[in-house]
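Novice: Let's see this in three dimensions:
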Amino acid sequence: MEKIISYPISVIYYLLFGLCLAVFHPIQWICLNVFGYQAHKKSVDYLNFFLLRCTNLVGTRYTIENRDTIPKGVPIIFVANHQSMYDIVAMIWYFRRFHCKFVSKKELGSGIPSVSYNLKHGGSVLIDRKDPKQAIPVIKGLSEYIEKNTRSAVIFPEGTRSKTGVPKEFAQSGLKILCKYAPSAYVVPVSINNSWKMVKFGFFPVGLGNHLKFTAHPALAVKDYKFEELMEITEKAVKEGINEYKQV
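Specialist: Alright, predicted model coming up:
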């Protein structure tokens with residue numbers, strides 16, 4: 001029944017979602033090329049604010065836990081499970097004070113209004129998942145960027161989204177590079193719940209009435225841990241905060 005009801009609602013939802021992307025694309029260009037980074041960053045923040053408001057139309061609610069415990073004035077490496085594109089939209093807005101930059105697959109770097117432009121010009125990096133060697137210097141550059149500018153990187157170590165909410169095995173290489181070249185950073189594990197339900201029917205129609213929950217776990221200073229220990233603690237924190245993982 002939910003799927004049937006969602007069809008007409010999803011048409012309106014995606015029209016509004018697409019309109020936001022189309023309108024903010026030239027706004028981003030003007031902000032970046034005329035006014036610089038800070039103006040562009042604001043435009044991206046408010047793009048994602050309006051995208052979140054679009055999701056409210058399909059009954060989506062958001063809860064962000066422990067955001068105030070995240071250290072300020074230091075580089076941050078957010079390590080999260082990945083369930084859908086809505087993970088990114090919510091993190092850009094709700095963690096906006098940390099200037100989130102993403103490690104994304106190169107396919108997202110073209111063809112998507114607003115999204116591709118931000119990924120290419122806003123400080124995020126694009127990697128070829130079929131070419132691990134290409135990813136090393138790219139991620140290294142991102143870690144040096146957040147170290148220098150006291151901003152944040154967001155990495156999804158699963159490599160691809162979970163379609164059922166059950167987390168996949170975490171890859172270590174990306175996080176290891178980020179930690180190596182951003183030694184003053186803090187790793188903040190983040191557990192994301194129910195985002196996968198937005199796309200449980202595929203791209204269309206969208207899932208209705210979902211409560212997305214983002215839980216930030218205690219921050220870990222990179223300098224205080226050996227990487228293997230840091231990786232183990234981080235992966236455990238993220239996974240133990242995921243509902244579907246607890247049920248396995």
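
Novice: list the buried ones in the longest helix along the chain?
Specialist: As assigned by DSSP state H, the longest helix anywhere in the chain is helix 2-30. By neighbour count with 16 or more other C-beta atoms under 10 Å, helix 2-30 contains the buried residues 6, 10, 13, 17, 20-21, 24-25, 27-28. Where C-beta positions appear, they are placed from N, C-alpha and C, glycine not excepted.

Novice: Identify each buried residue in the helix or strand that it is followed by, please.
Specialist: Once helix 2-30 ends, the next helix or strand along the chain (criterion: DSSP states H and E) is helix 37-56. By 16+ other C-beta under 10 Å, the buried positions in helix 37-56 come out as 39-41, 43-44, 47-48, 50-52, 54-55.

Novice: then whichever strand or helix holds N118 to PDB, C-alphas only?
Specialist: Using DSSP H and E, N118 sits within helix 115-121. Provided in PDB are the C-alpha atoms of helix 115-121 (Å, rounded to 0.1, in the frame of the first residue of the first chain):
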ATOM      1  CA  VAL A 115      25.900  18.000  -7.000                       C
ATOM      2  CA  SER A 116      28.600  17.500  -9.600                       C
ATOM      3  CA  TYR A 117      29.600  21.200  -9.400                       C
ATOM      4  CA  ASN A 118      30.000  21.100  -5.700                       C
ATOM      5  CA  LEU A 119      32.000  17.900  -5.700                       C
ATOM      6  CA  LYS A 120      34.400  19.300  -8.300                       C
ATOM      7  CA  HIS A 121      34.800  22.800  -7.000                       C
END
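
Novice: what's the offset of the helix or strand following it from the middle of its chain?
Specialist: Per DSSP H and E, the first helix or strand lying C-terminal to helix 115-121 is strand 125-127. Its chain's C-alpha centre and that of strand 125-127 lie 13 Å apart, by C-alpha atoms, centre = their mean, to the nearest Å.
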